[in-house]
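Visitor: got a structure for you, letters missing:
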Ligand code: NAP
Ligand code: G4F
C-alpha cells in the first residue's frame, strides 16, 4: 500500500515534534514546514534526525512561513499531502497582547492561507486546525464542550476564533475534510520554557541544584485543565481518520490552579515553595481566563480517545525530565 504523506506546520514546536514521531511510527512520510531562523531551532526533532528515518526519506523539512502565502501554495502543490496538520502559531497568550497584529497574521490568517492553498491547488487532503480552549475565555459554563459558546479574551484567542470559523467555513463551502481539535492545555518536558508549567518545573530543578533561588510568577489562582501532550497528538490523528470531518474537545476533565501545580512540583523535589516563590505583577495579563475545564465525552465516544496521564504523573515526569537535563549538562 502507498505510504501516506503528512504535512506538519509547527513541527519544531512541542506538539509538532510529538506528532512527527507518532506519524513516522505509523508508517507515514512526514514533511515538516520550518521557518528560517538565525540559529538552529530544531532541538525538539533532533532525535528524528538520529534515527535512520531521514535516510529512509521518512521525514524531511522544507522552508516556509504562515505569513508567506506563496511558500504555502508551493508546498501544498508540490508535496500533495494526504493530511495537513496546522500546528504553527504565535501561541503565547500574554505575548499576543504585545504583538497583536503579528499574532493575528500568523494564528488567524495562517490557517486561511493553507485552506486557500488547498482550494486553489485542488489537492485532495484532510486538514487539522489546532484550535484552543482559549476560545472559551470568560465563558460562564464549566465544563466546556463543543456546544459551549466561545468568549475569547486575548488577541491570541480572537485569532484562533477566526481560524476555527474559517476551518468550519471551508468545510461547509468547499467540502474540505477539515477538523478543529479544541485542545485544552497540554504540557510535557518539551513545553516552551515561558509557559507556566515548564517555567515552574525548570525552576524547581534549578533550585534543587542550587542554580537559582527565586521563582517569579503571576496569577496563581487561574485554573487549567492540564494534560500530557504525547497523549493529545493521537487525538489529532484520530480526527483525520474518521468517516466525516467534525470538531472535538480534547481534555482531561480535571482542573487545577497554578498554585496546585506549584505545590505539586515543589513536593516532587522535596522543596518548600514558600521559601522560593514570589509574585511579580509583570506576569499578570490585561484580562485573565479564570477557569478552563473540558468535557471530552464526544471524543471518547466517537474517537475512542481518552487521556492516559494523570495530573500528578504529568508534574512528576516534567520535574524529573528537568532534573535529568541538568544532570546531563553536569550541573
Ligand atoms: P509551540 O511549541 O509554541 O510551537 C509553535 C510552532 O509554530 C513552532 O514550531 C514555531 O516555529 C511555529 N511558528 C510560529 N510562527 C510561525 C510562522 N510564522 N510560520 C511558520 N511556523 C511558525 O506550540 P505548541 O504548544 O506545540 O502548540 C501547537 C499548536 O496548538 C499551536 O497552534 C497552539 O496555539 C495550539 N494549542 C496549543 C495548546 C497547548 O496547550 N500546547 C493548546 C491548544 C492549542 P519556531 O520553532 O520557529 O518558533
Ligand atoms: O502557561 P500559560 O502561559 O498558558 P495559557 O495562557 O493557558 O495558554 C496555553 O494554553 C492554551 C490552551 O488553553 C493554548 F491555546 C495556548 O497556545 C498556550 O499553550 O498560562 C497558564 C496560566 C495563566 O492563567 C497565566 O496567567 O498561568 C498563569 N501564570 C501565572 N504566572 C503564568 C505565570 N503564565 C505564564 N506564562 N508565566 C507566568 O509567570
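Guide: Received the coordinates, thanks. None of these values were measured; they are calculated from a predicted model. Ligands and ions are numbered 1, 2, ... in the order given.

Visitor: buried residues in stretch 179-199?
Guide: Of the residues in stretch 179-199, 179-191, 195-199 count as buried by neighbour count, 16 or more other CB atoms under 10 Å. C-betas here are computed from N, CA, C, even on glycine.

Visitor: what do you get for stretch 126-136?
Guide: 126, 127, 128, 129, 130, 131, 132, 133, 134, 135, 136.

Visitor: quick one, phi psi at the residue of the stretch 51-200 of the chain found nearest ligand 2?
Guide: In the stretch 51-200 of the chain, the residue that lies nearest ligand 2 is residue 132 (3.1 Å; CB to the nearest ligand atom). Main-chain torsions, residue 132, degrees, to the nearest 10: phi -140, psi 150.

Visitor: so which residues on the stretch 101-250 of the chain come close to ligand 2?
Guide: With CB under 6 Å from any ligand atom as the criterion, the stretch 101-250 of the chain meets ligand 2 at residues 132-134, 184-185, 194-196, 199, 217-219, 222, 224.

Visitor: burial of the closest residue to ligand 1 within the chain, as a residue count?
Guide: At 2.1 Å from ligand 1, residue 13 is the closest residue in the chain, using CB to the nearest ligand atom. Neighbour count of residue 13, defined by other CB atoms under 10 Å: 23.

Visitor: kindly state the pLDDT recorded for it?
Guide: pLDDT, residue 13: 98.

Visitor: which residues sit in contact with the closest residue to it other than its chain neighbours?
Guide: Excluding its sequence neighbours, the residue lying closest to residue 13 (CB to CB, 6 or more residues apart in numbering) is residue 87, at 6.2 Å. By CB atoms under 8 Å, 6 or more residues apart in numbering, the contact set of residue 87 is 8, 9, 10, 11, 13, 15, 16, 19, 130.

Visitor: those residues in strands, which ones?
Guide: Of the positions in those, 8, 9, 130 sit in strands, assigned by DSSP state E.

Visitor: from memory the second one sits against residue 113, does it?
Guide: By that I understand residue 9. No: contact criterion CB atoms under 8 Å: residue 9 and residue 113 do not qualify, at 10.1 Å.

Visitor: ok, residue 245 - contacts?
Guide: Taking CB under 8 Å, 6+ apart, we find residue 245 in contact with 126, 171, 176, 177, 178, 179, 239.

Visitor: now do it against ligand 2, distance only.
Guide: From residue 245 across to ligand 2, the span is 21 Å (CB to the nearest ligand atom, to the nearest Å).

Visitor: where's the residue of the chain most remote from its centre, which helix or strand?
Guide: Distance from the C-alpha centroid of the chain, by CA atoms, centre = their mean, peaks at residue 275 (32.1 Å). Element membership of residue 275 [criterion: DSSP states H and E] is helix 273-276.

Visitor: for residue 60, list each beta-bridge partner.
Guide: Here residue 60 sits in beta bridges with residue 31, going by DSSP bridges.

Visitor: and the pLDDT at it?
Guide: Reported pLDDT for residue 60: 92.

Visitor: swap in residue 57?
Guide: In this model, residue 57 is scored at 70, pLDDT.

Visitor: give me phi/psi at the closest residue in space to it that isn't next to it in sequence?
Guide: Among residues not flanking residue 57 along the chain, residue 29 sits closest, at 6.7 Å (CB to CB, 6+ apart). Backbone torsions for residue 29, taken as degrees, to the nearest 10, come to phi -100, psi 120.

Visitor: relative to residue 82, how far out is residue 29?
Guide: 9 Å (CB to CB, to the nearest Å).

Visitor: and for residue 242, the neighbour number?
Guide: Residue 242 is flanked by 14 other residues according to other CB under 10 Å.

Visitor: now the one 5 residues further on
Guide: Using other CB under 10 Å, residue 247 has 18 neighbouring residues.

Visitor: can you pull the phi/psi pair for residue 193?
Guide: Dihedral angles (degrees, to the nearest 10) for residue 193: phi -70, psi -10.

Visitor: I'd say it and residue 201 touch.
Guide: No: using CB under 8 Å, residue 193 is not in contact with residue 201, being 9.7 Å away.

Visitor: quick one: the strands in the protein?
Guide: Along the chain, counting by DSSP E, strands occupy 5-9, 29-34, 59-63, 83-86, 126-132, 177-183, 186-187, 215-217, 223-224, 227-228, 248-250, 256-257, 277-279.

Visitor: and residue 311, what does it touch?
Guide: 226, 252, 254, 256, 264.

Visitor: okay, the fourth one: pLDDT?
Guide: In other words, residue 256. 98.

Visitor: ok, it - contacts?
Guide: For residue 256, the contacting residues are 223, 224, 226, 311, by CB under 8 Å, 6+ apart.
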